[in-house]
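Q: 3D model of this:
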Amino acid sequence: MKNIILSLTVFLLIGTTYSSFGQSENYLKNRIILEGTYVRNLGNFSSTWDKAAGGYLTYGMAFPEHNLLMLRIGYLSNSLNKNLTDSSNYKDAVLTILPIEIGGRYYFTNTMFMPFVQFINGLNLVFQNTDLDGEPNEKTLVKYAWQVGFGLTINLLGNLNIDASVNYQSNFYETDAMNTGFEYAFGIGYALGN
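A: Numbers count the residues shown, from 1 in each chain. Okay, here's the model as predicted:
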């Protein structure tokens with residue numbers, strides 16, 4: 001985790017330094033982003049589901065000068081805590097989340113290296129067959145979720161770019177077991193238009 005944060009900080013510094021040189025090309029464009037993500041869950045929720053992995057498909061609409069409105073859908077599959085994998089109560093336990101979210105990014109620069117902060121919120125469709133205590137309880141929940149974080153977009157050749165971000169996220173799963181955690185995302189994007 002420290003290595004990821006250190007790497008993103010270095011990229012942010014490089015991007016900020018690079019942006020001090022005059023750039024005439026507009027890199028902020030509408031874009032489609034495909035991201036893979038890893039979530040390290042925290043708190044009481046993590047005593048049952050300690051991590052999740054999945055991805056997002058995002059459509060971003062650029063607004064002058066530094067803003068990107070994002071609409072995204074995703075898929076996250078939670079993994080049982082190692083201590084529970086041998087327990088008969090959790091033998092077939094599954095918890096899957098389908099996020100449907102809207103949010104935005106603020107880019108500090110409009111150059112090849114574009115550091116950003118972002119805020120995203122929306123609804124998570126949660127599909128589970130076991131509750132946190134290991135009791136069979138198949139149900140579908142609709143929960144509010146939000147996340148805030150920072151990252152870097154690097155514009156490569158043509159319209160191709162890569163994204164990396166670190167986010168703090170919270171899904172209102174249960175009052176005494178909020179699904180909070182740190183999300184690490186890496187993706188590839190394609191800018192639409194010239």
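
Q: what's around S79, how many residues?
A: 15 (other Cβ atoms under 10 Å). The way it works is simple: take the backbone N, C-alpha and C, and place the C-beta from them, glycine included.

Q: and if you look at the one 4 residues further on?
A: N83 sits with 11 neighbouring residues when counted by other Cβ under 10 Å.

Q: Assign a three-state SS to it, would you?
A: Under the three-state scheme (DSSP: H, G, I helix; E, B strand; the rest coil), N83 adopts helix.

Q: where in this protein is pLDDT low?
A: Counting by pLDDT under 70, the chain has low-confidence residues at 1-25, 85-89, 175-176, 194.

Q: Show me where it has its strands.
A: According to DSSP state E, the chain carries its strands in the segments 31-42, 49-63, 67-80, 95-107, 113-130, 136-155, 160-174, 177-191.

Q: What pairs with the last one, parallel or antiparallel?
A: Using DSSP bridges, the strands paired with strand 177-191 are strand 31-42 (antiparallel), strand 160-174 (antiparallel).

Q: now swap in the fifth one and tell me
A: Based on DSSP bridges, the strands next to strand 113-130 in the sheet, each with its direction, are strand 95-107 (antiparallel), strand 136-155 (antiparallel).
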